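>>> Sequence plus predicted model, see below.
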Amino acid sequence: MNKVLLAVDGSKNSMVAAAYVANHFVNCELTLLHIVAPIKLKNVAVERNEIRELYEFEIQESLKGTLSIFQEKGIS
C-alpha cells in the first residue's frame with residue numbers, strides 16, 4: 001500500500017495537490033499535514049483553551065476545501 005503525505009493550507013496550490021492525490025492515489029494511506037504558526041503573545045492574559053479554540057478554528061477553515069475534494073471522491 002502506498003503512503004502519501006499531503007501538506008494542506010487552504011491555498012489554491014494545496015487544493016490542486018489534493019485533487020491530484022484524490023484522482024491518482026486510490027488505494028493509499030493518506031496523511032494530511034497542516035502546520036500552524038505559533039501565536040506570540042506578550043503581556044496578554046489568554047486562557048489556554050482560547051488558544052486551542054483559535055487553532056482548531058484555523059485548522060478546520062484550512063481543511064474545508066481539501067476534505068470536500070476527498071469526500072466527493074468517496075475518500076474518508
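Structure received. Numbering: from 1, shown residues only.
>>> C-alpha only now, for contacts and for neighbours.
Will do.
>>> Can you name the residues that contact residue 52?
Shown in contact with residue 52 (Cα atoms under 8 Å, 6 or more residues apart in numbering): no residues.
>>> element containing it, please.
Per DSSP states H and E: residue 52 is located in helix 48-72.
>>> now residue 5
Per DSSP H and E, residue 5 falls inside strand 2-7.
>>> what's that strand in contact with?
14, 17-18, 25, 27-34.
>>> now with 6 Å?
For strand 2-7, contacts defined as Cα atoms under 6 Å, 6 or more residues apart in numbering pick out 28-34.
>>> from those residues, which two are the most distant?
By the measure Cα to Cα, 28 and 34 form the most distant pair in the contacts of strand 2-7, at 19.0 Å.
>>> Need the residue closest to the centroid of this structure.
By Cα atoms, centre = their mean, the chain has its centre lying nearest to residue 63, at 4.0 Å.
>>> element containing the residue located most distally from the centre of the chain?
No residue in the chain has its C-alpha farther from the mean C-alpha position than residue 43, which lies at 30.4 Å (Cα atoms, centre = their mean). Here residue 43 sits in a region with no helix or strand, counting by DSSP H and E.
>>> ok, so what distance separates it from residue 54?
Residue 43 sits 18 Å away from residue 54, going by Cα to Cα, to the nearest Å.
>>> Next: residue 41.
13 Å.
>>> who has more neighbours, those two?
residue 54 (11 against 8; other Cα atoms under 10 Å).
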